[in-house]
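Chemist: Coordinates only, no sequence provided:
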Ligand SMILES: NC(=O)N[C@@H](CC(=O)O)C(=O)O
Ligand SMILES: [Zn+2]
Ligand SMILES: [Zn+2]
């Protein structure tokens with residue numbers, strides 16, 4: 001990490017950003033999540049881990065219609081994702097791709113995270129699907145953790161890279177792959193050493209926090225997400241990657257709301273809510289690293305470039321005007337506790 005002179009900049013105007021990894025959920029929750037995501041994000045990659053998951057073209061498109069019906073602000077565009085299972089067919093990939101509205105497909109290793117039970121049990125099971133994706137140019141998004149209970153939870157990302165990712169990138173060199181929400185130096189190195197077809201999203205919370213924030217001096221369930229926060233050396237590697245100016249790393253919040261009582265529980269759900277202040281939280285992390293000038297590329301340029309989409313043409317302006325995050329926000333008739341609840345965030349979007 002760099003230690004530069006204190007920053008005195010008080011406004012920052014950048015190309016409108018997009019969120020390349022977000023959970024909007026469904027039903028009553030949509031009016032709240034869609035309001036937050038569409039405040040200033042131009043587009044977002046909408047994760048398909050619903051109950052039941054969006055495993056085919058029809059379910060993904062009807063989910064898209066429900067998002068649009070929830071009344072997004074501005075010209076927000078949801079980019080849909082197919083949830084891959086062991087049974088997904090290559091024909092389904094071609095059908096989804098042909099709609100022009102489904103831009104990627106997602107691998108959840110079965111059992112790895114929230115609503116992943118119908119996920120993929122072995123990469124080999126979906127090799128024909130990956131062939132089809134490579135052929136039509138559909139992106140593969142991966143939750144990169146092994147699920148083997150004998151592997152320590154803090155090592156599951158690294159073991160996934162070493163035992164599974166190596167083969168996928170070797171066997172599908174032309175397939176565009178996004179390693180989602182990376183959390184380790186190992187993942188940064190993997191992406192940097194891979195071809196230009198391999199990129200990664202990084203969340204704001206993995207830039208701002210490490211496992212001490214979650215576990216030292218009391219257990220704080222709102223920091224619990226998957227892949228789990230790692231030690232600070234990994235956090236620093238993520239900060240270096242995000243602020244490096246490399247086009248391989250871009251913004252994906254992984255904002256993943258769960259009701260307050262489902263987080264503050266004996267067995268709490270994994271997921272952190274950051275959509276109330278996504279860009280503002282990234283701005284804090286980049287400012288702390290003395291790299292506010294690198295925020296625009298990360299938030300607004302490298303994502304669309306990797307997806308082969310046009311960059312947004314308008315701008316948003318961040319102003320330095322501290323505000324206190326509420327203790328909770330309404331979510332589908334219940335409540336979600338956001339990251340930085342009752343704490344001050346330095347930046348706000350005008
Ligand atoms: N990140 C999380 O901890 N949770 C996500 C699922 C995911 O992205 O793995 C969720 O849907 O709640
Ligand atoms: Zn995930
Ligand atoms: Zn996610």
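Modeler: Arrived safely. The structure displayed is predicted, hence computed values, not measured ones. Ligands and ions are numbered 1, 2, ... in the order given.

Chemist: Where does residue 240 sit, in terms of helix or strand?
Modeler: Per DSSP states H and E, residue 240 falls inside helix 232-242.

Chemist: Name the residues of that helix that come out as buried.
Modeler: 234, 235, 237, 238, 239, 240, 241, 242 (16 or more other CB atoms under 10 Å). Where you see a C-beta, it was placed from the backbone N, CA and C, and this is true even at glycine.

Chemist: Now do the contacts for whichever residue of the stretch 51-200 of the chain sits closest to ligand 2.
Modeler: Using CB to the ion, the single residue of the stretch 51-200 of the chain nearest to ligand 2 is residue 143, 3.6 Å away. Residue 143 makes contact with 106, 107, 108, 109, 112, 113, 116, 180, 181, 226, according to CB atoms under 8 Å, 6 or more residues apart in numbering.

Chemist: Residue 52 looks like it's in a helix, true?
Modeler: No. Assessed with DSSP: H, G, I helix; E, B strand; the rest coil, residue 52 is coil; it does not lie in a helix.

Chemist: That one and residue 106: what is the separation?
Modeler: 15 Å (CB to CB, to the nearest Å).

Chemist: Which of those two has more residues huddled nearby?
Modeler: residue 106 (25 against 11; other CB atoms under 10 Å).

Chemist: Tell me if I am right that the more buried one is in a helix.
Modeler: No. Counting by three-state DSSP, residue 106 falls outside a helix, being strand.

Chemist: Tell me the spatial nearest neighbour of it, not counting adjacent residues.
Modeler: residue 141 (4.5 Å; CB to CB, 6 or more residues apart in numbering).

Chemist: For the helix or strand hosting that neighbour, which outside residues touch it?
Modeler: Using DSSP H and E, residue 141 sits within strand 139-142. Strand 139-142 is contacted by residues 21, 45, 81, 103-107, 130, 133, 165, 168, 172, 175-180, 307 when judged by CB under 8 Å, 6+ apart.

Chemist: go again using 7 Å as the cut-off
Modeler: 81, 103-107, 130, 133, 175-180, 307 (CB atoms under 7 Å, 6 or more residues apart in numbering).

Chemist: what are the pairing partners of it, and which direction each?
Modeler: strand 102-107 (parallel), strand 177-179 (parallel) (DSSP bridges).

Chemist: tell me the most buried of the ones you listed?
Modeler: Burial of those is given as mean neighbour count (mean count of other CB atoms under 10 Å); strand 177-179 ranks first at a mean of 27.

Chemist: what does the helix or strand following it contact?
Modeler: The C-terminal neighbour of strand 177-179 among helices and strands, as given by DSSP H and E, is helix 185-193. With contact meaning CB under 7 Å, 6+ apart, helix 185-193 is reached by 144, 157-158, 161, 165, 179, 182, 198-200, 233-234, 237-238, 241, 248.
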